[in-house]
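Q: Turn this into a structure:
(4 chains)
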Number of protein chains: 2
Amino acid sequence: MPRPRTFDEQDVVDRAMELFWTKGYEGTSVTDLTAELGVHPGSLYRTFGDKHGLFLAALAHYRDSKARTLAPALLAGGPVLPRIRAVLLGWIEVAAEQDAPRGCLIANAAGELLPGDPAVACSVHEVLTVVEDGFRQGLEAAVRTGEAAATLDVPAAAAMLTMLLEGLQVIVKADPDPRRLVAAVDTALLGLASAR
Amino acid sequence: MPRPRTFDEQDVVDRAMELFWTKGYEGTSVTDLTAELGVHPGSLYRTFGDKHGLFLAALAHYRDSKARTLAPALLAGGPVLPRIRAVLLGWIEVAAEQDAPRGCLIANAAGELLPGDPAVACSVHEVLTVVEDGFRQGLEAAVRTGEAAATLDVPAAAAMLTMLLEGLQVIVKADPDPRRLVAAVDTALLGLASAR
DNA sequence: GCCCAAATTGAACGCGCGCTCACAAACTTG
DNA sequence: CAAGTTTGTGAGCGCGCGTTCAATTTGGGC
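A: Here you go, the predicted model:
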C-alpha cells in the first residue's frame, strides 16, 4: 500500500555508526549525517525519531556487528588464550596502522554522554555485558581444556579483560606508539595461564 | 598599574575542571561556565582565550591536582601493592557511592574529543604518562623490597595498570553494581606479587 | 589627585544546530 | 484507474551556541 523506502535502513544505521564512531555524538551534526548518508532530514526523523534515536540504533548495531563476534572468535577451535591475546593485540594493530585511531564506540559514548543519558547508559552496559560474556565463554572453555588454571575466577577474569580492552582503547587514542602496549597486554595475561 | 582581577584564576580553573568532568566538554556551555563560576564571558575570554583554552587549563590542572598525587600515595611507606589495590578500589568505591559516576576526566576527554583535537590529544597523553610513571615508581619500589618478583617487567606492568584504571573508569559509568569489579581488579593484580 | 592600563559589564552578534512541515511523488490495493 | 497511505523534498523554523565589543569602572604609579 505505502510508498517503499529508497534507502536500506540497516545500511544507513551501519554508516551512521561509522560516523558517530569517528567523530563522536556531538561532533556529528545532523547535516553531516544527511550529507554522508544521502538521506533527507525528514526521512531520517520519521525513521529514527531523532538524532538520539539514530545513535541508539547505531549502538545496538555495534553490539550485534562487533561485540557479538567476540565469543565465536574465541571458540573457533584450538587454544583460547592465544586468541584472547590476538583480539587485544588486534585492536593495538588497528590503532597503530591508522593515524587517527577512533578507539571503541562504547568507550567514546560513555566518555561523552555518561553520566546524564540513561538510555545510552543502558546500551553501553548492554554492549559491555556482551563483551564480558564473550570473554567468560572463552575462559570457561580454557578452564575445561586445562589451558587455564581450574582455580581461576572466571567471571572476575572476564571482567578484568573487559576493563583491559576498554582501557586499551582509551589510551590508544592518544598514544604515539600503541605497539608498546603489547607487553602490557602480555603482563595482564600472565595470571590466566595454568602453567604458574 | 592595571586594575586587579576580582576572581582567582586557579579557583576558576578548578571549578571549570569539575564542571567539564561532570558534564563533558560539549555538554558544558559557556553560559554554564559563566553562571557557575560567576565570571563574565568577557573576562573568561581575555584570560583563557576561548572555551577550548579553558578546557586545556582544566586538563593541566587535573594532571597536577590528581595524576601527580599517585606516586606520593604509592610511596608513602609500607607495602606498595596493597596501596595500588587501594587506589583502584578507591575509584570503584567513589563510583559506587555516587549515583551518577563521572569516571575519569581524561578518559572522558579522549572519548569525546579524540581523534580530531591535537592539543587535547597531547594533554591526554601527558596525563596518562604521569599516571603510568606513578605506577612505575611504585612497582620499582615493590621490586626493590622483594614485594614484587624481580623478573617483573615493570614498564609493561605500569602500562597495564594504567589501562586497567582507565578501563575501570569507563565501565563504572554504566555499571549498576561497580563493587563487583573488585574481584576483577584482584585478578589483574595476581600476576604482580612475588609469591607465585 | 590625576592618569592610564587593565578588568568588568551589558548587550548583542552571526552561525549552525536539531528539527518540522506542507507539498509533491510513488507504490499497493481494490 | 482511482483511492489511499507513506515516502522524498525544499525551505525554513526558533534556539542556544561560542564569541565580541564599546562603554564603564577600578586602582596603582608618578
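
Q: In this structure A:L37 contacts A:A16, no?
A: Yes: with contact taken as C-beta atoms under 8 Å, A:L37 and A:A16 are classed as touching, separated by 6.4 Å. For the C-beta atoms, the positions are set from N, CA and C on the backbone; glycine is no exception.

Q: Between the two, which has more neighbouring residues?
A: Neighbour totals were compared for A:L37 and A:A16, and A:A16 leads with 24 against 19 (other C-beta atoms under 10 Å in any protein chain shown).

Q: per-residue confidence for that one?
A: On pLDDT, A:A16 comes in at 98.

Q: Is whichever strand or helix holds it in proximity to chain B?
A: In the assignment (DSSP states H and E), A:A16 maps to helix A:9-23. Yes: between helix A:9-23 and chain B, judged by C-beta under 8 Å from any C-beta of the partner chain, the touching residues are A:T22, A:K23.

Q: And for stretch A:178-191?
A: Yes: applying C-beta under 8 Å from any C-beta, one finds stretch A:178-191 in contact with chain B at A:R180, A:L181, A:A183, A:A184, A:V185, A:D186, A:T187, A:A188, A:L190, A:G191.

Q: Using the three-state scheme, assign the residue of chain A found nearest chain B.
A: Across chain A, the shortest distance to chain B (C-beta to the nearest C-beta) belongs to A:G111, at 2.1 Å. Under DSSP: H, G, I helix; E, B strand; the rest coil, A:G111 falls in the helix class.

Q: Please name the residues that touch it.
A: Applying C-beta atoms under 8 Å, 6 or more residues apart in numbering or on different chains to A:G111 gives the contacts A:V170, B:G24, B:G103, B:A107, B:N108, B:A109, B:A110, B:G111, B:E112, B:V170.

Q: so what's it closest to, chain neighbours aside?
A: B:G111 (2.1 Å; C-beta to C-beta, 6 or more residues apart in numbering or on different chains).

Q: same deal with A:T22?
A: Leaving out its chain neighbours, the residue that sits closest to A:T22 by C-beta to C-beta, 6+ apart is A:R102, at 5.0 Å.

Q: That neighbour in helix, strand or coil?
A: Going by three-state DSSP, the secondary structure assigned to A:R102 is coil.

Q: ok, now how distant is it from B:A110?
A: Relative to B:A110, A:R102 is positioned 11 Å away (criterion: C-beta to C-beta, to the nearest Å).

Q: Show me which of the two is the more surrounded one.
A: For A:R102 versus B:A110, the count of surrounding residues by other C-beta under 10 Å is larger for B:A110: 32 against 21.

Q: out of the residues of stretch A:178-191 next to chain B, who's nearest DNA strand C?
A: Distance to DNA strand C, by C-beta to the nearest atom of the strand, is smallest for A:L181 among the residues of stretch A:178-191 next to chain B, at 33.2 Å.

Q: Quick check: buried residues in the one helix or strand the closest one maps to?
A: With elements delineated by DSSP H and E, A:L181 resides in helix A:181-189, which encompasses its position. Neighbour counts using 16 or more other C-beta atoms under 10 Å in any protein chain shown place A:L181, A:V182, A:A184, A:V185, A:T187, A:A188, A:L189 of helix A:181-189 among the buried residues.

Q: how about the residues of chain A that lie near DNA strand D?
A: Along chain A, the residues adjacent to DNA strand D under the rule C-beta under 7 Å from any atom of the strand are A:1-7, A:40-43, A:46-47.

Q: residue ranges of the helices in chain A, please?
A: Secondary structure of chain A (DSSP state H): helices at A:9-23, A:30-37, A:41-48, A:51-65, A:70-74, A:81-97, A:105-113, A:118-144, A:154-172, A:181-189.

Q: Determine which stretch of these is the most buried.
A: The highest mean neighbour count among these belongs to helix A:105-113 (a mean of 29), with neighbours defined as mean count of other C-beta atoms under 10 Å in any protein chain shown.

Q: what angle separates that helix from helix B:154-172?
A: Direction vectors for helix A:105-113 and helix B:154-172, defined by axes from the mean of the first three to the mean of the last three C-alpha atoms, to 10 degrees, enclose an angle of 70 degrees.

Q: I'd assumed A:C122 was in contact with A:A109.
A: No: between A:A109 and A:C122 there is no contact, the gap being 11.3 Å when judged by C-beta under 8 Å.

Q: Tell me the residues of chain A that contact DNA strand C?
A: Applying the criterion C-beta under 7 Å from any atom of the strand, the portion of chain A that neighbours DNA strand C consists of A:1-4, A:26, A:28-32, A:41-42, A:45, A:50-52.
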